[in-house]
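A.B. asks: I would like the atomic coordinates for the input below:
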Amino acid sequence: MRVLVWGLIFPLALLLGRTSAAGAQRVHEIKLEAKPDKEVYRFSPAEVSAKPGDVLSFRVESGPPHSIVFEAAGLSEAGKEALNGAMSRRVADLSSPLLTTEGAEYKMVVPQLPPGRYAFFCLPHRAYDERGQLVITK
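C.D. replies: Numbers count the residues shown, from 1 in each chain. Below is the predicted model:
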């Protein structure tokens with residue numbers, strides 16, 4: 001009987017372990033950098049491929065202040081609602097708070113969005129073309 005129970009429990013535990021690992025959320029780290037003396041203003045990486053449920057972790061590396069603002073143009077009303085709902089401490093439509101110190105972080109969980117490209121930018125450095133894209137994959 002003991003062998004039969006272990007024969008059933010062990011494969012079940014392996015199966016459950018695989019299922020939870022496959023469904024685990026992934027954390028994507030994005031650095032925010034501004035180096036005026038070198039004319040560098042960027043998100044690094046500038047393009048992030050993610051799935052709903054993944055975490056975006058934006059971290060100020062240099063040149064604060066920074067922010068994360070999703071481009072409203074071309075977004076459906078449902079897309080705007082989903083992004084606004086995912087952005088904690090929002091200061092305006094589709095806008096994170098200002099990150100005013102080096103090392104400051106802003107995290108958000110990617111909401112349920114249809115596959116596609118979602119542009120974002122840094123408001124204080126928009127004139128310097130500090131921008132990026134969230135690519136939602138299936």
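
A.B. asks: doesn't residue 29 fall inside a strand?
C.D. replies: Yes - judged by DSSP: H, G, I helix; E, B strand; the rest coil, residue 29 forms part of a strand.

A.B. asks: And the helices in the protein?
C.D. replies: Assigned by DSSP state H, the helices in the chain fall at 2-22, 77-86.

A.B. asks: Give me the residues contacting the shortest one.
C.D. replies: With contacts defined as Cβ atoms under 8 Å, 6 or more residues apart in numbering, helix 77-86 is touched by 70, 72, 75, 90, 93-94, 108-114, 118. Where you see a C-beta, it was placed from the backbone N, CA and C, and this is true even at glycine.

A.B. asks: where in this protein is pLDDT low?
C.D. replies: Where the chain drops to pLDDT under 70, the residues are 1-24.

A.B. asks: so who does the residue nearest the centre of it touch?
C.D. replies: Note on the chain: the residue nearest the mean C-alpha position is residue 56, at 2.2 Å, using Cα atoms, centre = their mean. By Cβ under 8 Å, 6+ apart, residue 56 lies in contact with 28, 30, 48, 50, 107-110, 134.

A.B. asks: quick check, nearest of these to residue 66?
C.D. replies: Lowest distance from residue 66 to these (Cβ to Cβ) belongs to residue 30, with 10.5 Å.
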